[in-house]
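> structural data only, the sequence is not supplied:
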């Protein structure tokens with residue numbers, strides 16, 4: 001049974017961390033820095049639960065620390081390096097224009113505190129994994145395998161995109177490698193790893209409703225802040241992107257379609 005008091009003990013620190021990130025964004029005049037901190041919010045929740053638990057570690061605790069830590073630090077580092085020296089992301093510029101005047105203040109709620117609450121909810125399956133004393137099962141192996149596969153998928157996709165942008169500074173559409181089979185293989189990898197972690201949490205005895213965590217993450221990537229926002233921007237700037245849409249799956253990897 002999950003300790004509700006312990007679960008919510010990390011919420012206030014996460015909101016505090018999100019607020020500190022907002023202060024930095026006001027100074028930099030760039031709210032897109034929240035993307036660099038997003039994964040660290042979740043890792044922070046893990047660390048707070050880790051050090052706040054007055055109990056002996058179970059067999060899943062240390063592997064969870066490694067898995068989430070590697071994911072969080074890699075993703076944060078990649079986004080930070082990619083954004084370094086650039087102005088605010090175009091997607092956030094549109095949000096800024098929509099919510100002016102005083103977007104700098106409004107962004108505290110609609111961007112940063114909102115992300116803090118999302119991070120808390122997405123992170124919830126971590127707690128039963130840390131607290132469980134149940135022996136490892138085949139589900140743990142399956143979940144870990146999916147997590148690692150998703151992490152590799154996301155990492156390779158990100159590196160392919162970074163290499164492409166370095167070779168094509170003027171723009172263009174990447175349709176090679178993993179990007180030949182999905183228009184957003186990095187997002188697919190992100191969703192896959194969270195489904196893998198939920199399987200580990202289920203094996204640890206997490207309540208069934210926690211399946212809402214990877215479900216929410218997948219919905220955010222496919223229908224809210226991931227694919228829709230990015231593709232609206234790409235279609236407006238790259239005319240050849242429409243042809244790419246016609247031949248390539250949006251999210252789940254699939255064989256390219258024949259162009260009409």
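Arrived safely, thanks for sending. Please read these numbers as outputs of a predicted model, since none were measured by experiment. Residues are numbered from 1 along each chain as shown.
> okay, buried residues for stretch 145-154 please.
146, 147, 148, 150, 151, 153, 154 (16 or more other CB atoms under 10 Å). In this view, the C-beta of every residue, glycine as well, is placed from N, C-alpha and C.
> swap in stretch 174-194?
Per 16+ other CB under 10 Å, stretch 174-194 contains these buried residues: 174-175, 178-194.
> from the chain's centre, how far out does that stretch sit?
13 Å (CA atoms, centre = their mean, to the nearest Å).
> now the end-to-end length of that stretch.
Length of stretch 174-194, first residue to last, CA to CA, to the nearest Å: 26 Å.
> what's the answer for stretch 124-137, then?
So stretch 124-137: terminal residues 21 Å apart, CA to CA.
> report the buried residues of that stretch.
Neighbour-count burial for stretch 124-137, counted by 16+ other CB under 10 Å, picks out 124, 125, 126, 127, 128, 129, 130, 131, 132, 136.
> could I get the average pLDDT for stretch 37-54?
Averaged over stretch 37-54, pLDDT sits at 94.
> now the buried residues of stretch 145-154 in a markdown table, with secondary structure?
Output for the buried residues of stretch 145-154, formatted as a markdown table (DSSP: H, G, I helix; E, B strand; the rest coil):
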| residue | secondary structure |
| --- | --- |
| 146 | helix |
| 147 | helix |
| 148 | helix |
| 150 | helix |
| 151 | helix |
| 153 | helix |
| 154 | helix |
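> which parts of the stretch 101-250 of the chain are helices?
Using DSSP state H, counting those that start in this stretch, the helices assigned to the stretch 101-250 of the chain run over residues 103-107, 114-123, 126-131, 138-167, 185-203, 212-219, 227-237, 241-247.
> between these, which gets the lowest average pLDDT?
Mean pLDDT, when computed for each of these, is lowest for helix 227-237, at a mean of 82.
> quick one: contacts of that one?
The contact list for helix 227-237 (CB atoms under 8 Å, 6 or more residues apart in numbering) reads 90-91, 94, 171, 183-184, 187, 221, 241-242, 245, 250-251.
> whichever of these end up buried, select them in ChimeraX.
Of these, the buried ones can be selected in ChimeraX as follows, counting by 16+ other CB under 10 Å:
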select :90,183,184,187,221,241,251
